[in-house]
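1. next one to model:
(2 chains)
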Amino acid sequence: MSTPNSAKNINFIIMKDKTVEDKVLSLIEKARLTGKPVKMKTSARHRSSLHYIIKTKEQADAFMAALKAL
Amino acid sequence: MAIAVKINFDDVYDISTASNELTLASFETELANGGKKKLIIEISPEAHDLLPNVYNLAFGPPDINGEIDDKVQLKHKDYSKVFSTILLHAQAYLVNNRDHFIGIDGSDNLRALLYYRFIINNFDYLSQYFNIGALKYYVRITRMGKCQYENPFDFNDIKPDLISITRDSPRHLDFMYNYFIFNINTK
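-> Numbering: from 1, shown residues only, chains lettered A, B, ... in the order given. Down below sits the predicted model:
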């Protein structure tokens, strides 16, 4: 297989020729090379039902205890 | 409409990452009509105020303002590939942040059911990579008022109940959850 020149072809090779773990590590490295984080217009946090439902420490403590048991 | 989703991390769309923290990415999906559409994957950079390390994932096409429209209904050519791509990105985020949890809402009942069904149907595959929980919200019922039309629900007193999804989790159609939580399986 010839060495690709364009970024798109490099992405294609990453997706098709590696194990899942390698794909994940490639994504992480690709992200690292993008530089600074992008400032998002809307935080995904505010789309979460958790944001509206869990409002007390008691709720949060019970939820965190359940998460640790996952 | 029944959609059979089979998760396969070997068959995903090319992901363009826009953030070195893996909180923003996009890919181009193929639509059933032959067209293409950009989908954004966004993971909140801030955790819930009371839940450290719990972050929300949202996805969808950009609206006119560039924000995610998570209510639009698209007809994808390959739903399996779409959801495999989203979950591969989620996995990369969680590998890079091993103490984090990612949560996904169903923005309506149909989506919540769809997500639950494809998690259950792909449990053996997904459980290799993730621990998965599902959440319901329970509202306290107050004493019934003197007037039978008085609202008995106290929406200021809600109990979230989180369970682990397992191979034996119920599969019947009327069984639903509100929210799904993933963290990386390190076993």
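2. tell me which stretches of the chain form helices.
-> Here I'm looking at chain A. A:7-17, A:20-32, A:49-53, A:57-68 (DSSP state H).
3. oops, wrong one, chain B.
-> B:79-96, B:109-121, B:123-126.
4. of those helices, which is nearest B:Pro52?
-> Counting by Cβ to Cβ, B:Pro52 lies closest to helix B:79-96 out of those; the figure is 15.3 Å. In this view, the C-beta of every residue, glycine as well, is placed from N, C-alpha and C.
5. close to chain A, is that closest one?
-> Yes - judged by Cβ under 8 Å from any Cβ of the partner chain, helix B:79-96 comes into contact with chain A at B:88-89, B:91-92, B:95-96.
6. where among the helices of chain B is average confidence lowest?
-> Looking over those, mean pLDDT reaches its minimum on helix B:109-121, with a mean of 89.
7. quick one on the thing from earlier: go through the helices of chain B and pick out the most buried.
-> With neighbours defined by mean count of other Cβ atoms under 10 Å in any protein chain shown, none of the helices of chain B is more surrounded on average than helix B:79-96, at a mean of 22.
8. outside of that helix itself, list whatever touches it.
-> With contact meaning Cβ atoms under 8 Å, 6 or more residues apart in numbering or on different chains, helix B:79-96 is reached by A:20, A:23-25, A:27-28, A:31, B:3-9, B:11-13, B:15, B:21-23, B:25, B:27, B:29, B:39, B:41, B:43, B:57, B:59, B:76, B:100, B:102, B:118, B:126, B:129-130, B:182-184.
9. kindly check the end-to-end length of stretch B:39-49 for me.
-> Length of stretch B:39-49, first residue to last, Cα to Cα, to the nearest Å: 27 Å.
10. can you give me the buried ones in it?
-> Residues B:39-45, B:48 are the ones in stretch B:39-49 that count as buried (16 or more other Cβ atoms under 10 Å in any protein chain shown).
11. residues touching the spatially closest residue to B:Tyr138 that is not a sequence neighbour, list them.
-> With sequence-adjacent residues excluded and distances taken as Cβ to Cβ, 6 or more residues apart in numbering or on different chains, B:Tyr138 is closest to B:Lys159, at 4.6 Å. B:Lys159 makes contact with A:59, A:62, B:137-138, B:140, according to Cβ under 8 Å, 6+ apart.
12. find the centremost residue of chain B, please.
-> With the centre of chain B defined as its mean C-alpha position, the nearest residue by Cα atoms, centre = their mean is B:Ile104, 2.8 Å away.
13. just checking, that one touches B:Tyr179?
-> Yes - contact criterion Cβ atoms under 8 Å: B:Ile104 and B:Tyr179 qualify, at 7.1 Å.
14. test my guess that B:Ile3 contacts B:Leu114.
-> Yes - contact criterion Cβ under 8 Å: B:Ile3 and B:Leu114 qualify, at 6.5 Å.
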